[in-house]
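Novice: Any chance you could fold what I've pasted below:
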Amino acid sequence: MTLFQFLILIIIIVVVIKAVIRLLHKEMSSWLFILWLFFWGAVGVINFFPELLSWAAFVLGVGRGVDLLIYLGIVLLFYIVFKYNLRLQRYEKKLSRVVQQVAIEKAFKQVESKENEE
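Specialist: Sure thing, here's the model as predicted:
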């Protein structure tokens, strides 16, 4: 085991322990926890068997394993940006509805207070 592999192993252990703690404190959903474990498990497998990444790159027609990781990373980042953009648009619509409702309620209260004064 090289020093780099050892350091990656330590990072994986720390991240998984933190994820378990978050799961126990219900700060993380079970689904996200499983996804997180799968991701870091894959990192661990690639860490100890880098030839698997080269084999996967060969099967998919990519030059090197590192290139495959970069391509997958870029695709994943675009997906995450797209998903967060959709979520942001949904929150903006909800916020607009809330602001409209508050403005309508405030206008009704002002009308009612003016009618009560007369």
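
Novice: in this structure, which helix has the most residues?
Specialist: Counting residues, the longest helix found in the chain (DSSP state H) is helix 65-117.

Novice: Just give me how far that one sits from the chain centre.
Specialist: Helix 65-117 sits 17 Å away from the centroid of its parent chain (CA atoms, centre = their mean, to the nearest Å).

Novice: Next: stretch 108-118.
Specialist: Using CA atoms, centre = their mean, the offset of stretch 108-118 from its chain centre is 49 Å.

Novice: any low-confidence regions in the protein?
Specialist: 118 (pLDDT under 70).

Novice: what do you get if the cut-off is 90, keeping everything else the same?
Specialist: 1, 63, 107-118 (pLDDT under 90).

Novice: residue nearest the centroid of it?
Specialist: Among the residues of the chain, the one closest to the centroid is residue 80, at 6.7 Å (CA atoms, centre = their mean).

Novice: how far away is residue 45 from residue 51?
Specialist: The gap separating residue 45 from residue 51 is 11 Å, by CB to CB, to the nearest Å. Backbone N, C-alpha and C define where each C-beta goes, glycine included.

Novice: hmm, I was thinking of residue 65
Specialist: In terms of CB to CB, residue 65 sits 8 Å off from residue 51.
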